[in-house]
Every structure is written in C-alpha cells, then in structure tokens.
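A.B. asks: here is the input, now give the coordinates:
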Amino acid sequence: QVQLAESGGGSVQAGGSLRLSCAASEYTPSRTCMGWFRQAPGKEREGVATIYAGGGMPNVADSVKGRFTISLDNAKNTLYLQMNSLKPEDTGMYYCAATPPHLCDDYRFGYWGQGTQVTVSS
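C.D. replies: Predicted coordinates for the structure are as follows:
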C-alpha cells in the first residue's frame, strides 16, 4: 500500500509559480502510475497530470498544458508538479495519487494523499 504526503501549496498572485511535492512510501516503478488531481470549491475533482513511474510520456490536461509540468524522481520516491503562469481558476486542493499502470488512463486511482491547498489571487 502506497502512502502519499503532499507539500508546497500556498497563496500566490496570478502569473506566479509554485512547485508541489509528493513524498511516497516505497513502490515498484514498473507497477505504479502516479498523478496529480485538483478540486475547486463546488466542483468535481479533475485530473491534472499523470506519469508512469516505469517511464513514458506524461499525460497533462489541456487546461494546464504548457503551464504545468509533472515529474517523478524514483530515487527519492517523490512526485512533483511545477506550476507556472498560475491563474485564479487554478485555485483548489491538489492531491497526489497512485494506481497500478493498467488503471492509469481511466483515472482510476486508489491511493491518495491528504491534499495541499493552492490559492491564486487576481
């Protein structure tokens, strides 16, 4: 069972940047897909980006493409989300999550962190 803990959230002005981190307990890269999700108040949770721990191109949502970058350091068991050119609509609780690779494309994630709040002011 993978345990996840996010950090790095905060409050920034529009146009600013933040880098989120997610520390994961031990996992097997070839058997793990990891991702970032977010949920704004009153809205459903949405997938932001996913990445196969065993390698391959990450998948990034159109709403953040070109602004957000997902990366994974398997040696440090840490997932990152670099967020640039932040907009007020990026405000929300950000969660990291993990799942077996065959469930990744369907966004069926079973392991979740507690979340970190990101607030972007105009």
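A.B. asks: I figured residue 22 was touching residue 112, is that so?
C.D. replies: No - Residue 22 lies out of contact with residue 112 (Cβ atoms under 8 Å); the separation is 10.3 Å. All C-beta atoms are positioned from the backbone trio N, CA, C, and that covers glycine.
A.B. asks: does the most centrally placed residue in the chain count as helix, strand or coil?
C.D. replies: For the chain, the residue nearest the mean C-alpha position is residue 36 (2.0 Å; Cα atoms, centre = their mean). The three-state label given to residue 36 by DSSP: H, G, I helix; E, B strand; the rest coil is strand.
A.B. asks: which residues touch it?
C.D. replies: By Cβ atoms under 8 Å, 6 or more residues apart in numbering, residue 36 lies in contact with 20, 22, 47-50, 70, 79, 81, 94-97.
A.B. asks: can I get these in a markdown table with neighbour count, distance to residue 7 and pLDDT?
C.D. replies: Below are the contacts of residue 36 laid out as a markdown table (neighbours: other Cβ atoms under 10 Å; distance: Cβ to Cβ, whole Å; pLDDT from 0 to 100):
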| residue | neighbour count | distance to residue 7 | pLDDT |
| --- | --- | --- | --- |
| 20 | 24 | 7 | 98 |
| 22 | 25 | 8 | 98 |
| 47 | 17 | 20 | 96 |
| 48 | 24 | 16 | 97 |
| 49 | 20 | 17 | 97 |
| 50 | 21 | 20 | 97 |
| 70 | 21 | 16 | 98 |
| 79 | 27 | 11 | 97 |
| 81 | 27 | 11 | 98 |
| 94 | 24 | 10 | 98 |
| 95 | 22 | 12 | 98 |
| 96 | 31 | 10 | 98 |
| 97 | 25 | 15 | 97 |
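A.B. asks: identify the residue nearest residue 39 in space, chain neighbours excluded?
C.D. replies: Once flanking residues are discounted, residue 39 sits nearest to residue 45: 4.2 Å by Cβ to Cβ, 6 or more residues apart in numbering.
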